[in-house]
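Asks: predicted model, plus sequence, below.
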Number of protein chains: 2
Amino acid sequence: MTDPRPHLVIVGGGFAGLWATRALADAPLRITVIDRHNHHLFQPLLYQVATAGLSAPDIAAPLRHILRRQKNVEVRLAEVASINARAKAVVLADGGALAFDYLLLATGATHAYFGHDEWAPHAPGLKTLDDALHLRRQLLLAFERAEAETDPARRAAWLNFAIVGGGPTGVELAGTLAEIARHTLKHEFRRIDPAQARVRLIEAGPRVLASFPEALSAKARGQLERLGVEVVTGTPVSGITAEGYCLGETFVPAKTVVWAAGVAASPLARSLGVPLDRAGRVPVEPDLSVPGHPNLFVAGDLAAVRTDGKPVPGVAPAAKQMGRHVAGALRAHLAGQSTPTFRYRDYGNLATIGRMAAVVDFGRLKFSGLLAWWFWLAAHVFFLIGFRNRLVVLLNWAWAYWSYQRGARIILGSDRDDLERGDGGATMSPPREPPTG
Amino acid sequence: MTDPRPHLVIVGGGFAGLWATRALADAPLRITVIDRHNHHLFQPLLYQVATAGLSAPDIAAPLRHILRRQKNVEVRLAEVASINARAKAVVLADGGALAFDYLLLATGATHAYFGHDEWAPHAPGLKTLDDALHLRRQLLLAFERAEAETDPARRAAWLNFAIVGGGPTGVELAGTLAEIARHTLKHEFRRIDPAQARVRLIEAGPRVLASFPEALSAKARGQLERLGVEVVTGTPVSGITAEGYCLGETFVPAKTVVWAAGVAASPLARSLGVPLDRAGRVPVEPDLSVPGHPNLFVAGDLAAVRTDGKPVPGVAPAAKQMGRHVAGALRAHLAGQSTPTFRYRDYGNLATIGRMAAVVDFGRLKFSGLLAWWFWLAAHVFFLIGFRNRLVVLLNWAWAYWSYQRGARIILGSDRDDLERGDGGATMSPPREPPTG
């Protein structure tokens, strides 16, 4: 390589990585963005893909396409295995390696089961597009299984849905699932009434949306209950199997449990060789660099940082701000200046609950209900990357709103395997109608 | 079951099965529609999903939703293992069975490799949404692999695309792939020029689009070549491996070979116990019933039938007409009348080739080029099921036309597995940049 410019490697094309890259468009750096997916994902709308309101490509855009005009950037589709901070190299899963002068690690968070990894196969989480398509498939198939089931207890278990975790993702999923059961699937089944489905949102803490003020949490709970969601707070789930879950001492038969409770930092942080916090995040310096490594930066959900003594939350606006901050710190460093301190600016907090229900917290200005929902919708469409996606998403939402229909109710994947396996093995389910002549 | 109405089982929710079901809305029958997918698929646009122009849900609609208001219909998501014509029962893959009084078998066709099943893993075909997503993934990953490859010969193999079969599907895929390579991916790669990709369409017969008049075949060939496709006719492919294909005696290194050559009838026909034609189709009576079984009907691609001595082609309009005909034959049978003879009405033939290129054959009226393309587009959007889908598809196309962009360029599925495997095993590919300090 005869290129004299220092080489910056950015691992992760999420909000932090992409905003840093864009903010360095005219910097004297050679930049390589590595991601294991070919797309940037608009994660705040991932639950809409899981609940069949949007298609996967509606909320994703190819990283190459987004960055095609930025001449100092190369995009690589690759899986990173570890970081060798001492040798200044990124080690790839395919055996290759990439030398760097500067590194930004922005690989975000994954779901965590609080030491109960055995729950994972029975309670999928929601972090990637593949997770969302898997969940969509499982939710839609549950109604199909209930329709095909003749035993009342097993049918009820198929119509029992539990969402573990009362944060924004859990609240969105619960509200939307209740709408699907009560409205979207109306008239479509002959043997079950989808409206009989039980959608339960379980939160171990005292209230849902704990990051909002108490009054808005209470509003959110009321709106969820109006949509048909049963909200359980103050009780942790103590077990999850293929057949159901334990709430305190009680076993509840339920074929569909969704995990929206815990997140843990991406395991790549461990290879940095610095102390991590309890959630596996990197406690960074005030300029977002890794302690002892002024050429290594961490941004987004992977970084543990505080502003005015309060921890910065793991939300998209914080990740974007951190990404832009790292870009500024790098420019300062290259210019021989001291690097600035990161300060999170909290512009407000919003969460959607379901059809025409949301909560908005702008500090002094707090509101909920229909107005909050319109505000949430406008903000999310505005921030979606790509002109085409915005229009398609708006059109899909207008259609969903008007018709109660959800355009992406398509079951993809290995249908055949599942159909042959059926409910716990083909040999266990008796023929519904004997082959008589 | 105390329902006194005769029970009609329709296997397959494609054009034939769905059009038969709808035409029997007020018939004194109890109808069960069985499909192994939860959706009706608009197959003529499947190549657009494979080439990232449309999302999977854009061209599919849940069968339950389409049929929700038709009170005499029940939809079942299930895999059929065989038909027991004597016992009048459909045997399901999960061990269950379903008794019928009348049966319509409309399970269509699958791809066939002319006795070379060993080619299948190296040359995927295009029949279902899962096929399309698999193909999309493979096409997009080929450019990624080429970008990551340093060996010029192996890089060329990743940029070598062959489509086997010059029928409508092969022509559509070749034309669209050439457009992607030349326009869509422009400016996005740093080490390869996607426009250098070689897209070859291989047809064993003397011309592409053999079902069209010779003059239109020649026009189609000219339009393909203008789009950058290399058209090879009169030469069969004699071998396909993971590394390339044999054209006559010559081995051509190519990492991506797509199969659009042969179709064979769904294997379910074999269980009927009647003679089948060479392609595995059921030679039916003039009323579309199975010889010797007046209560069994076959429609769509699975039926071998002639009109005026000419075989009816395996196209969507023929399947719809057959579906409606079976509905009429059943009504006649129930009324004690003799069943009518099926006659295929050929309203014309259209095929698209790529951006602004298509051919249209209405008998006396034949045209090609831009006008034919607009006609093709209008016809396909008009026939798409569902109001919402039509609008979204139109919007996606308008965007694609204006920007050369393709909105669904998202690689889904187990990215990680593929990335770790890389090109023929992780240990085989040398690190591109050594980890130096």
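Replies: Noted; the coordinates are in hand. What you see is a predicted model, and the numbers here were worked out from it, not measured in a lab.

Asks: quick one: mean pLDDT over the helix or strand where residue A:373 lies.
Replies: Element membership for residue A:373, per DSSP states H and E: helix A:370-383. If you average the pLDDT over helix A:370-383, you get 88.

Asks: that one vs chain B: in contact?
Replies: No. Helix A:370-383 lies apart from chain B when judged by CB under 8 Å from any CB of the partner chain; the minimum separation is 14.6 Å. C-beta coordinates here come from the backbone N, C-alpha and C atoms, glycine included.

Asks: list the buried ones in that helix?
Replies: For helix A:370-383, burial by neighbour count (16 or more other CB atoms under 10 Å in any protein chain shown) applies to A:372-373, A:375-377, A:380.

Asks: got the contact list for that helix?
Replies: Helix A:370-383 is contacted by residues A:42, A:44-45, A:316, A:350-353, A:355-360, A:390, A:393-394, A:397 when judged by CB atoms under 8 Å, 6 or more residues apart in numbering or on different chains.

Asks: filter those to the buried ones?
Replies: Taking 16+ other CB under 10 Å as the criterion, what is buried in the contacts of helix A:370-383 is A:42, A:44-45, A:316, A:350-353, A:355-360, A:390, A:393, A:397.

Asks: mind listing the helices in the stretch 51-200 of chain A by residue range?
Replies: A:63-66, A:129-148, A:152-158, A:168-179 (DSSP state H, counting those that start in this stretch).

Asks: may I see the ones you listed organised as CSV, with mean neighbour count and mean pLDDT added?
Replies: CSV is the format used below for these (neighbours: other CB atoms under 10 Å in any protein chain shown; pLDDT from 0 to 100):
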stretch, mean neighbour count, mean pLDDT
helix A:63-66, 23, 93
helix A:129-148, 22, 95
helix A:152-158, 16, 97
helix A:168-179, 26, 95
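
Asks: related to what we said a few turns ago, quick one: which of the buried ones among the contacts of helix A:370-383 sit in strands?
Replies: Among these, the members falling in strands (DSSP state E) are A:350-353, A:357-360.

Asks: what residue ranges in chain A score low on pLDDT?
Replies: A:1, A:386-389, A:414-437 (pLDDT under 70).

Asks: how about the strands in the stretch 101-250 of chain A?
Replies: With DSSP state E, counting those that start in this stretch as the definition, the stretch 101-250 of chain A shows strands at residue ranges A:102-105, A:109-112, A:160-164, A:198-203, A:229-233, A:237-240, A:244-247, A:250-253.

Asks: looking at the ones you listed, which is buried most?
Replies: Neighbour counts (mean count of other CB atoms under 10 Å in any protein chain shown) averaged over each of these peak at strand A:102-105, with a mean of 26.

Asks: so which elements touch the one helix or strand residue A:399 maps to?
Replies: Element membership for residue A:399, per DSSP H and E: helix A:387-403. Applying 3 or more CB pairs under 8 Å, 6 or more residues apart in numbering or on different chains; DSSP states H and E, we find helix A:387-403 packed against helix A:370-383, helix B:387-403.

Asks: need the residues that contact it.
Replies: Contacts to helix A:387-403, defined as CB under 8 Å, 6+ apart, come from residues A:42, A:45, A:53-54, A:57-59, A:61, A:355, A:377, A:381-382, A:384, A:405-407, B:387-388, B:391-392, B:395-396, B:399, B:403, B:405, B:407.

Asks: show the buried residues in those.
Replies: Buried members of the contacts of helix A:387-403, counted by 16+ other CB under 10 Å: A:42, A:45, A:53-54, A:57-59, A:61, A:355, A:377, A:384, A:405-407, B:388, B:391-392, B:395-396, B:399, B:405, B:407.

Asks: residue contacts, the residue of the stretch 201-350 of chain A found nearest chain B?
Replies: Here the stretch 201-350 of chain A gets closest to chain B at one residue, residue A:295, 11.7 Å apart by CB to the nearest CB. Residues in contact with residue A:295, defined by CB under 8 Å, 6+ apart, are A:88, A:101-103, A:289, A:333.

Asks: before we move on, what about residue A:296?
Replies: Residue A:296 is in contact with A:83, A:85, A:102-103, A:105, A:272, A:289-290, counting by CB under 8 Å, 6+ apart.

Asks: if you set the cut-off to 7 Å instead, what comes out?
Replies: Contacts here follow CB atoms under 7 Å, 6 or more residues apart in numbering or on different chains; on that basis residue A:296 touches A:85, A:103, A:289-290.

Asks: ok, residue A:326 next?
Replies: A:20, A:104, A:288, A:297, A:299 are the contacts of residue A:326 under CB under 7 Å, 6+ apart.

Asks: isn't residue A:301 right up against residue A:314?
Replies: Yes. Assessed by CB atoms under 7 Å, residue A:301 is found in contact with residue A:314 at 4.3 Å.

Asks: more neighbours: which of those two?
Replies: Legend: neighbour count by other CB atoms under 10 Å in any protein chain shown for residue A:301 and residue A:314, higher for residue A:301 (30 against 18).

Asks: part of a helix, is that one?
Replies: Yes. Under DSSP: H, G, I helix; E, B strand; the rest coil, residue A:301 sits within a helix.

Asks: how near is the nearest residue to residue A:83 once chain neighbours are set aside to residue A:90?
Replies: Excluding the flanking residues, the one nearest residue A:83 by CB to CB, 6 or more residues apart in numbering or on different chains is residue A:271, at 4.8 Å. Per CB to CB, to the nearest Å, residue A:271 is found 10 Å from residue A:90.
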